[in-house]
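Novice: Just need the structure, nothing else, for what follows:
(one chain, ligands or ions: 3)
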Amino acid sequence: MTQSSFEEIGAVLRSKESFAVLSHVRPDGDALGSQLGLGLSLSKLGKKVVVRNEDGLLEKYSFLPGGEFLRTPLGEPQDFDVAIALDTATQNRLGTATELVRSAKIWINIDHHPSNPGYGDLVYIDPTAPATGQILFELITSQGLPIDASIAENLFVAISTDTGSFQYPNTTARTFEIGAELLRCGVNIGRVSQLLYESYPRRRAELLRELLGTMRFNGHGKVASFSLSLKTAAELHAKPEDNEGLIDHLRAIQGVVVAVFFEELVDGKVRVSMRSKSDAADVCAICQKFGGGGHKLAAGARVRGTLAEVEEKVLKEICNVVDCNS
Ligand code: AMP
Ligand code: MN
Ligand code: MN
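Specialist: Ligands and ions are numbered 1, 2, ... in the order given. Predicted coordinates:
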């Protein structure tokens, strides 16, 4: 895979006319903030832009500026000069959004997942970046693309959510400098943080109560997990987005090295979400064994089987990697 430079990507953004800005299914703050941040910047540059995600704009991110542009990929495929995949480790994780842009002449792939194979014509993958939003800030500012308070707020949300509010070890000095720049662009950090971290629906707390009821420990307390069945999710009227971040309650426990969340899906698969507190426990490598991917300290996979089957297989594999004997 050859990496493209910001100059090469900037030249395409300036010279082409129509763009589809996409990101992964079950989007997180980095996916949606990156899509809207770049989408608004291209729009301000005078381009024709559509921003599409298989799951649309999640309710909890409905405050994002420009959120009305982020829609599900309905209707006939359209012609675009350029399709841009953001924060998306494999092209199939774009889901139905790909259908919309079959005829795009150029694909740009901007991401920070080390497992990204580098699909597309212009590729910029920086695994040292804590968020795709951070890469986009560098791209936008280095190429003199438009940035305003709305664009900055989207990029701030992207970076804040993927760094656990500037706490995870992927956070660098540069991340704080960019945070400061975004505040200078007009981001109101108190307001945005409250909307992001102190405005959860009550359902989410009720879901946490249920999940903690299923909490178990393996490997002498180094591996903590909990699981969500379809039945419980239905009883609580839980939305898929409600569980984003709940795994952090497991990671936050003293002695826990790997945290795992198992979520039963309707298609006979289980969504496995993993977090690690140690470079020695590379959860991306573990998830890749099950067909997934992600980062060293945060990764996921979708594994066929019942909850009980997948729990057993995955926990066994984790114990093979993490020294669970002491
Ligand atoms: P999650 O646990 O869903 O928050 O995902 C953690 C990280 O792993 C994110 O960066 C995801 O993009 C990545 N990831 C999750 N599921 C998959 C998958 N099935 N394939 C590849 N990467 C994934
Ligand atoms: Mn993401
Ligand atoms: Mn990301």
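
Novice: Tell me the residues on the chain that lie near ligand 1, please.
Specialist: When proximity is defined as Cβ under 6 Å from any ligand atom, the chain approaches ligand 1 at 24, 28, 89-90, 113, 273, 292-295, 298-302. Every residue, glycine included, has its C-beta placed from N, CA and C.

Novice: could you redo the last one with a cut-off of 8 Å?
Specialist: By Cβ under 8 Å from any ligand atom, the residues of the chain that approach ligand 1 are 24, 26, 28, 30-31, 87-90, 93, 113, 115, 162, 244, 247, 261, 271-275, 284, 287, 291-295, 298-302.

Novice: Filter those residues down to the buried ones.
Specialist: Those of the residues of the chain next to ligand 1 that meet the buried threshold are 24, 26, 28, 30-31, 87-90, 93, 113, 115, 162, 244, 247, 261, 271-275, 284, 287, 292-295, 298-302, by 16 or more other Cβ atoms under 10 Å.

Novice: Okay, and which of those residues map to helices?
Specialist: 30-31, 162, 284, 287 (DSSP state H).

Novice: any chance of those in a markdown table, plus distance to Leu207 and pLDDT?
Specialist: Output for these, formatted as a markdown table (distance: Cβ to Cβ, whole Å; pLDDT from 0 to 100):
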| residue | distance to Leu207 | pLDDT |
| --- | --- | --- |
| Asp30 | 22 | 98 |
| Ala31 | 21 | 98 |
| Asp162 | 22 | 96 |
| Cys284 | 26 | 94 |
| Cys287 | 23 | 97 |
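
Novice: List, out of the residues you listed, those positioned next to ligand 2.
Specialist: Among those, the residues that sit close to ligand 2 (Cβ under 5 Å from the ion) are 30-31.

Novice: List the contacts of the residue of the stretch 51-200 of the chain at minimum distance from ligand 1.
Specialist: The minimum distance from the stretch 51-200 of the chain to ligand 1, using Cβ to the nearest ligand atom, falls at Ala89 (4.3 Å). Going by Cβ atoms under 8 Å, 6 or more residues apart in numbering, Ala89 touches 24, 111, 113, 115-116, 293-294.

Novice: Outside of the helix or strand of the chain with the lowest mean pLDDT itself, list whatever touches it.
Specialist: In the chain, no helix or strand scores lower on mean pLDDT, DSSP states H and E than helix 97-100, which sits at a mean of 88. Under the contact criterion Cβ under 8 Å, 6+ apart, helix 97-100 has outside partners 20, 22-23, 50, 52-54, 73, 75, 77-78, 91-92.

Novice: change it to 7 Å
Specialist: Applying Cβ atoms under 7 Å, 6 or more residues apart in numbering, the contact partners of helix 97-100 are 20, 22, 52-54, 73, 77-78, 91.

Novice: do stretch 300-317 as well
Specialist: Stretch 300-317 has contacts (Cβ under 7 Å, 6+ apart) with 218, 223, 225, 227, 229, 260, 262, 264, 268-274, 286-287, 289-292, 294.

Novice: Same check on stretch 105-118?
Specialist: For stretch 105-118, contacts defined as Cβ under 7 Å, 6+ apart pick out 1, 9, 12, 81-90, 119-127, 129, 131-132, 135-136, 284, 288, 293-295.

Novice: Please, a PyMOL command that selects the buried ones among those?
Specialist: Burial among the contacts of stretch 105-118 is assessed by 16+ other Cβ under 10 Å; the matching PyMOL selection reads:
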select buried, resi 9+12+81+82+83+84+85+86+87+88+89+90+119+120+122+123+124+125+126+129+131+132+135+136+284+293+294+295
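
Novice: Let's see which of the contacts of stretch 105-118 end up in strands.
Specialist: 82-86, 122-125, 293-294 (DSSP state E).

Novice: of the residues you listed, closest to Leu208?
Specialist: Nearest to Leu208 out of the ones in strands among the contacts of stretch 105-118 is Gly294 (Cβ to Cβ; 22.5 Å).

Novice: Return the per-residue confidence for that closest one.
Specialist: pLDDT, Gly294: 90.

Novice: for ligand 3, what are the nearby residues on the stretch 101-250 of the chain?
Specialist: Residues of the stretch 101-250 of the chain lying close to ligand 3 by Cβ under 5 Å from the ion are 132, 162.

Novice: Which single residue of the stretch 51-200 of the chain ends up nearest ligand 2?
Specialist: For the stretch 51-200 of the chain, the residue closest to ligand 2 is Asp87, as judged by Cβ to the ion, at 4.4 Å.

Novice: I am finished for the moment; much appreciated.
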